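K.L.:
need a structure here:
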Amino acid sequence: MDSSRTPAPRHVWSRHTLPITDLHCGFGGPLARVATASLDQTVKLWEISSGELLLSVLFDVGIMAVTMDLAEHHMFCGGSEGSIFQVDLCTWPGQREKSFQPEQDSGKVFKGHRNQVTCLSVSTDSSVLLSGSHDETVRLWDIQSKQCIRTVTLKGPVTNAFIMLAPVSMLSSDFRPSLPLPHFNKHLLGAEHGDEQHRGGLTLRLGLHQQGSEPSYLERAERLHKVMCSTMEKNVLGGQDQLRIRITELEDEVQNLRKINRDLFDFSTRMITRPAK
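P.N.:
Numbering: from 1, shown residues only. Predicted structure coming up:
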């Protein structure tokens with residue numbers, strides 16, 4: 001990537017009429033979907049490869065946070081008044097625009113926060129939802145029953161929180177790090193430049209985009225997308241060739257059956273019209 005040039009965006013999404021408050025990108029690389037929340041009281045779902053708008057859901061309040069489960073069957077939207085709305089993505093086939101009615105979809109609303117919801121996160125098994133709010137609490141919800149199973153009270157507004165897998169060191173008492181780091185010096189340089197400059201320490205140099213470094217995630221995603229497209233084209237073309245061969249075989253078989261039928265007809269005609277001795 002040329003650092004002297006400003007990269008041009010692949011897609012520009014400008015369907016929202018008010019500021020965007022949150023973004024969530026699902027899994028799947030080039031085939032992933034992106035959810036955007038906005039103060040215009042809508043949440044929109046986009047396809048990242050084509051840039052196409054897949055779904056737009058209208059709510060009664062501004063949406064401050066949005067997330068999806070791993071399977072992308074459900075989308076969770078946090079409102080500015082404290083409610084969390086669950087949107088089923090598999091129940092609206094073919095509809096691009098939909099209004100969420102709380103009175104009709106009361107079984108799809110999590111209620112408990114007293115102020116705007118700022119962050120949402122779903123567990124890997126899609127059974128627990130975590131939410132943070134400006135009401136200075138973090139709540140854990142059972143998604144199936146919509147019940148709050150735990151509340152953590154803090155001393156200030158919660159701006160970010162998420163669920164992560166427990167590290168190995170938390171579950172194993174015998175865990176030892178593979179690369180132990182020494183104690184860092186309090187100052188970048190000593191009192192004198194030559195004062196114990198290399199006293200049994202480990203120097204870590206953090207470089208950006210060094211030559212020979214691994215490709216970026218964007219380059220990997222583009223490479224994966226090209227491989228998937230080429231594989232799909234090969235499969236389609238290969239399937240067409242096999243279809244042509246099969247059609248040719250069936251046509252030959254039909255011609256053979258017609259010949260056999262004609263021979264049987266001629267033989268029967270000769271046997272019937274043959275004069276009796």
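
K.L.:
on contacts alone, who are the packing partners of the strand or helix carrying residue 251?
P.N.:
Using DSSP states H and E, residue 251 sits within helix 217-273. Counting contacts by 3 or more C-beta pairs under 8 Å, 6 or more residues apart in numbering; DSSP states H and E, helix 217-273 packs against no other helix or strand. (C-beta placed from N, C-alpha, C; glycine too.)

K.L.:
Could I get the average pLDDT for that helix?
P.N.:
Averaged over helix 217-273, pLDDT sits at 79.

K.L.:
Identify the residues contacting residue 129.
P.N.:
Going by C-beta atoms under 8 Å, 6 or more residues apart in numbering, residue 129 touches 76, 84, 110, 120, 121, 122, 123, 140, 141, 143.

K.L.:
Among these, which one lies nearest to residue 9?
P.N.:
Proximity of these to residue 9 (C-beta to C-beta) peaks at residue 120, which lies at 26.1 Å.

K.L.:
hmm, back to that, now list the buried members of the contacts of residue 129.
P.N.:
Buried members of those, scored by 16 or more other C-beta atoms under 10 Å, are 76, 84, 110, 120, 121, 122, 123, 140, 141, 143.

K.L.:
Considering these, which is situated nearest to residue 171?
P.N.:
The closest of these, once distances to residue 171 are taken by C-beta to C-beta, is residue 123, at 16.6 Å.

K.L.:
So the closest one sits against residue 165, correct?
P.N.:
No. Under the criterion of C-beta atoms under 8 Å, residue 123 makes no contact with residue 165, lying 9.7 Å away.

K.L.:
list the buried ones in the helix or strand where residue 87 lies?
P.N.:
Per DSSP H and E: residue 87 is located in strand 84-88. Using 16+ other C-beta under 10 Å as the burial criterion, the residues of strand 84-88 that qualify are 84, 85, 86, 87.

K.L.:
Could you give the bridge partners of the third one?
P.N.:
It stands for residue 86. Beta bridges link residue 86 to residue 76, judged by DSSP bridges.

K.L.:
Is it in contact with residue 110, as I believe?
P.N.:
Yes. Under the criterion of C-beta under 8 Å, residue 86 makes contact with residue 110 at 7.3 Å.

K.L.:
Mind listing the shared neighbours of those two?
P.N.:
Common neighbours of residue 86 and residue 110, using C-beta under 8 Å, 6+ apart, are residue 146.

K.L.:
before we move on, back to that, for the buried ones among the contacts of residue 129, which one is nearest residue 54?
P.N.:
Of these, the one sitting nearest to residue 54 (C-beta to C-beta) turns out to be residue 76, at 16.9 Å.

K.L.:
ok so, going back, what helices or strands is the strand holding residue 87 leaning on?
P.N.:
strand 74-79, strand 109-110.

K.L.:
Could you rerun that using 7 Å?
P.N.:
For strand 84-88, the packing partners by 3 or more C-beta pairs under 7 Å, 6 or more residues apart in numbering; DSSP states H and E come out as strand 74-79.
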